[in-house]
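Novice: Sequence and predicted model, in that order:
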Amino acid sequence: AQKITQTQPGMFVQEKEAVTLDCTYDTSDPSYGLFWYKQPSSGEMIFLIYQGSYDQQNATEGRYSLNFQKARKSANLVISASQLGDSAMYFCAMREEYRGISGNTPLVFGKGTRLSVIA
Amino acid sequence: DTGVSQNPRHKITKRGQNVTFRCDPISEHNRLYWYRQTLGQGPEFLTYFQNEAQLEKSRLLSDRFSAERPKGSFSTLEIQRTEQGDSAMYLCASSLGQGGSYEQYFGPGTRLTVT
């Protein structure tokens, strides 16, 4: 069965510094997709970045980049130039293993990392 | 606002009562997902739809739970005979079925408290 592991329950970072949030995954599918979501205290899940298993380059979206190391099964999120508004829970997720239904399928989430940005 | 909407945002109910939540997805999205999130955990998949067809149900979805998407647009999630263990945030998300972007867009959630 698939599994997402986020080993950092909480992280602190100084404003304007970069921070890396760890994520490792386990799957038997040869093709998979990895996601990062942000959940502020308001509760809504906000999509940040996506990496496909066959993508040759690491994904980037503004201040977010995904450090994808396929052999190590890791997909760490790097946030550059942290801002106070980045304080939130961050979840790593992947699509469920293929079970005969193609396309976008439900996500399996890790337990999350709480990031606190300090002024 | 063209995002995913959910109603109500908060629901407090007594054990044994029935509750129903509604989700309105992004209009062009044909897939709709329900997740449950308990304190300190990531969301867990409950069920999802392609248009009006329910594609899969998680084993978390006991027979007290039922979900519908009758016209392939909005969806409802009903919990019968609520239990205290049902207290959680219920999240709805929508996406395209295939192709294009891969991400699921989430609504603000419905927080259920069973007393």
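Specialist: It's in. Numbering: from 1, shown residues only, chains lettered A, B, ... in the order given.
Novice: and the gap between the residue in chain B that chain A sits nearest to and A:G100?
Specialist: Closest to chain A within chain B is B:G42: 3.1 Å, counting by CB to the nearest CB. From N, CA and C alone the C-beta is placed, and that goes for glycine too. Distance, B:G42 to A:G100, using CB to CB, to the nearest Å: 25 Å.
Novice: Who has more neighbours out of those two?
Specialist: Set B:G42 next to A:G100 and count neighbours by other CB atoms under 10 Å in any protein chain shown: B:G42 wins out with 22 against 6.
Novice: can you count the residues close to the residue nearest to that one when sequence neighbours are not counted?
Specialist: Excluding its sequence neighbours, the residue lying closest to B:G42 (CB to CB, 6 or more residues apart in numbering or on different chains) is A:F109, at 3.1 Å. For A:F109, the neighbour count with other CB under 10 Å is 22.
Novice: and A:F109, what does it touch?
Specialist: By CB atoms under 8 Å, 6 or more residues apart in numbering or on different chains, the contact list for A:F109 reads A:I4, A:Y37, A:F91, A:C92, A:A93, B:G42, B:P43, B:E44.
Novice: Same question for B:E52.
Specialist: Applying CB under 8 Å, 6+ apart, we find B:E52 in contact with B:R69, B:P70, B:K71, B:G72.
Novice: Point to the helix or strand of chain B where mean pLDDT is at its lowest.
Specialist: Lowest mean confidence among the helices and strands of chain B (mean pLDDT, DSSP states H and E): strand B:53-57, at a mean of 92.
Novice: Check the spacing between the residue most central in space within chain B and B:E56 real quick.
Specialist: Closest to where the C-alpha atoms of chain B average out (CA atoms, centre = their mean) is B:W34, at 3.2 Å. Distance of B:W34 to B:E56, computed by CB to CB: 11 Å.
Novice: what's the answer for A:T5, then?
Specialist: Distance, A:T5 to B:E56, by CB to CB: 24 Å.
Novice: neighbour-wise, which of the two wins?
Specialist: Between A:T5 and B:E56, counted using other CB under 10 Å, the more crowded position is B:E56 (18 against 14).
Novice: And that one, how far from B:T13?
Specialist: 27 Å.
Novice: related to what we said a few turns ago, OK, contacts around the residue nearest to the centre of chain B?
Specialist: B:W34 neighbours (CB under 8 Å, 6+ apart): B:C23, B:F45, B:L46, B:T47, B:Y48, B:A67, B:S75, B:L77, B:Y90, B:L91, B:C92.
Novice: Show the overlap between the residues you listed and what lies near chain A.
Specialist: Residues of these in contact with chain A (CB under 8 Å from any CB of the partner chain): B:F45, B:Y48, B:L91.
Novice: among these, who's most crowded?
Specialist: Within the ones next to chain A among the contacts of B:W34, B:Y48 tops the neighbour count with 28 neighbours, counted by other CB under 10 Å.
Novice: what angle separates whichever strand or helix holds that residue from strand B:53-57?
Specialist: Element membership for B:Y48 (DSSP states H and E) is strand B:44-50. Between the axes of strand B:44-50 and strand B:53-57, defined by axes from the mean of the first three to the mean of the last three CA atoms, to 10 degrees, the angle is 160 degrees.
Novice: And the residue in chain A positioned nearest to chain B, what's its pLDDT?
Specialist: Here chain A gets closest to chain B at one residue, A:F109, 3.1 Å apart by CB to the nearest CB. Residue-level confidence at A:F109 comes out at 96, pLDDT.
Novice: Please name the residues that touch B:S75.
Specialist: B:R22, B:C23, B:P25, B:L32, B:W34, B:F49, B:A67, B:E68, B:R69, B:C92.
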